[in-house]
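[1] turn this into a model:
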Amino acid sequence: MRASALEMLANWASANGLALTRRQLDRFGLYGDLLIEWNRKINLTAITDERGIVVKHFMDSLCAAKLIGGDLRGGNLNGGAKILDVGSGAGFPGIPLSICCQSDDGACGSGGANGLSGSPDNPNRGPYGGLGELSDPSGKPGGSGDLAGRASGSPSGPGDPNRGPYGGLGELSDPSGNLGGSCDSGDGPCGGSGAPGGAGPAEVAGVAGAGRAVAEVTLIDSVGKKVRFLDEVIGRLGLERCTAIHARAEDAARQGRHREAYGVVTARALAAMPVLLEYCLPFVAPGGRLIAMKGQKMQADSELAVSGNALRLLGGRLERVVEMRLPPDALAAPDAPDASEAGGLERTLAVFAKTGRTPAAYPRKAGTAHKSPLR
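    Numbers count the residues shown, from 1 in each chain. Model (predicted):
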């Protein structure tokens, strides 16, 4: 990918508290190149221009990294530092999450290898640089975000009575407005460490590094060709503790090694919410979190309105809804479904807490959830 595309990603990430290292940017660049190359052979994405890939895939995925970063670093997730991306497709958000979780990288800290500090005073902040994109429930760009510092819970387990009102995600009080606690000393959003101001291991030649990832990331998809692409990306990027699995979610969720085994489960544009919940909640450990990534809030609200029965049956509850805006896609038509009046792309993340065990009857056999949603 061109340097200008990666610079746009670096500036946006820095403005939102995720200071990507040079090695991470190299990995994103190679990932984008592989996506474009493989997309000529198999259908991975309809978005093929570099800006679109950066905005609609990379930035979108990093919003999930922002949400879960502090909990992974603090060890606050039941199920351990294990992330599952259901219906990963071309790898979003799972591959960007794994890139951020490599311990040889120092993202989300001050003075990474690329010199971006992630400070609110960073001069590289763009027009969408405010922390409010991630922390302000109104979704307005800019601003300091009103979730900042509202929760004062300790980094102990989910049962700790001092945990803040938002439970496991972002409960550490942080005056910077970051949802996941402060990112000091070069710590990556998933707990990786990197010396502030220095390149450290990032100076090693090539993209792959020798560091062990601080979080295990598993990607699951039912399409074999997409899983082969994911295997290629994992190998070429040198991602440690990252695995792609070819399986249907309904089948994998019944296997002991996957059932209720993950601290965080993500799903991006997977299915309507009641169907998504049946696919994903059986993977989430009690006390863990499911992050459902949607487009416009109006769409998310309409789906949430019919999800109450699914949550009750599957052992979950809606914890909060986080709205954000991504920079506008220069190639999007003015009347595109995700083009907002403010000129940015509206994104909504619904965060669900796993409150109890999912009954053995769920998920139902393959295809049933889609044909007969839990409503």
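[2] need the helices for the stretch 251-375 of the chain, in chain order.
    For the stretch 251-375 of the chain, helices defined by DSSP state H, counting those that start in this stretch occupy the ranges 273-280, 297-304, 308-314, 368-371.
[3] so which of those helices comes closest to Cys101?
    helix 273-280 (19.7 Å; C-beta to C-beta). The C-beta positions use only the backbone N, C-alpha and C, and glycine is treated the same way.
[4] out of the helices of the stretch 251-375 of the chain, which one sits most buried?
    Among these, the stretch with the highest mean neighbour count (mean count of other C-beta atoms under 10 Å) is helix 273-280, at a mean of 26.
[5] how about JSON lines for the helices of the stretch 251-375 of the chain, with mean pLDDT and distance to Leu25 added?
    Formatted as JSON lines, those follow (pLDDT from 0 to 100; distance: least, C-beta to C-beta, whole Å):
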{"stretch": "helix 273-280", "mean pLDDT": "98", "distance to Leu25": "30"}
{"stretch": "helix 297-304", "mean pLDDT": "93", "distance to Leu25": "31"}
{"stretch": "helix 308-314", "mean pLDDT": "98", "distance to Leu25": "39"}
{"stretch": "helix 368-371", "mean pLDDT": "95", "distance to Leu25": "38"}
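[6] and those helices as TSV, adding distance to Asp60?
    Shown next, in TSV, are the helices of the stretch 251-375 of the chain (distance: least, C-beta to C-beta, whole Å):
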stretch	distance to Asp60
helix 273-280	16
helix 297-304	14
helix 308-314	24
helix 368-371	24
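[7] Lys56: which of those is closest?
    Taking C-beta to C-beta, helix 297-304 is the member of the helices of the stretch 251-375 of the chain nearest to Lys56, at 15.8 Å.
[8] helices or strands next to that closest one in the packing?
    With contacts defined as 3 or more C-beta pairs under 8 Å, 6 or more residues apart in numbering; DSSP states H and E, helix 297-304 has these neighbours: helix 273-280, strand 284-294, strand 316-326, strand 345-354.
[9] now what about it, what contacts it?
    The contact list for helix 297-304 (C-beta atoms under 8 Å, 6 or more residues apart in numbering) reads 139, 272-274, 292, 294, 318, 321, 323, 346, 348, 350.
[10] quick check: angle from that helix to helix 273-280?
    70 degrees (axes from the mean of the first three to the mean of the last three C-alpha atoms, to 10 degrees).
[11] helix 297-304 to strand 316-326, inter-axis angle?
    Taking the same axes, to 10 degrees, helix 297-304 and strand 316-326 form an angle of 170 degrees between their directions.
[12] go ahead and produce CSV holding the CA coordinates of helix 297-304.
    Extracted in CSV, the C-alpha atoms of helix 297-304 (Å, rounded to 0.1, in the frame of the first residue of the first chain):
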residue,chain,number,x,y,z
LYS,A,297,-27.4,3.4,14.7
MET,A,298,-30.9,3.3,13.3
GLN,A,299,-30.2,-0.1,11.9
ALA,A,300,-28.6,-1.3,15.2
ASP,A,301,-31.5,0.1,17.2
SER,A,302,-34.1,-1.7,15.1
GLU,A,303,-32.3,-5.0,15.5
LEU,A,304,-31.8,-4.6,19.2
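[13] pull the number of nearby residues for Arg375.
    Arg375: 11 surrounding residues under other C-beta atoms under 10 Å.
[14] which residue comes closest to it once chain neighbours are left out?
    Val306 (5.2 Å; C-beta to C-beta, 6 or more residues apart in numbering).
[15] that neighbour contacts Leu276, correct?
    No - Val306 is beyond contact range of Leu276, at 12.0 Å (criterion: C-beta atoms under 8 Å).
[16] for the lengthiest helix in the chain, C-alpha coordinates in CSV please.
    Longest helix in the chain, counting residues (DSSP state H): helix 22-39. What follows is helix 22-39 as a C-alpha-only set of coordinates in CSV (Å, rounded to 0.1, in the frame of the first residue of the first chain):
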residue,chain,number,x,y,z
ARG,A,22,6.3,1.2,12.2
ARG,A,23,6.1,-2.6,12.2
GLN,A,24,2.3,-2.6,12.7
LEU,A,25,2.0,-0.1,9.8
ASP,A,26,4.2,-2.4,7.7
ARG,A,27,1.9,-5.3,8.6
PHE,A,28,-1.2,-3.3,7.7
GLY,A,29,0.4,-2.4,4.4
LEU,A,30,1.2,-6.0,3.5
TYR,A,31,-2.2,-7.0,4.6
GLY,A,32,-3.8,-4.5,2.2
ASP,A,33,-1.6,-5.6,-0.6
LEU,A,34,-2.5,-9.3,-0.1
LEU,A,35,-6.2,-8.4,0.1
ILE,A,36,-6.1,-6.6,-3.2
GLU,A,37,-4.0,-9.4,-4.8
TRP,A,38,-6.2,-12.2,-3.6
ASN,A,39,-9.4,-10.4,-4.4
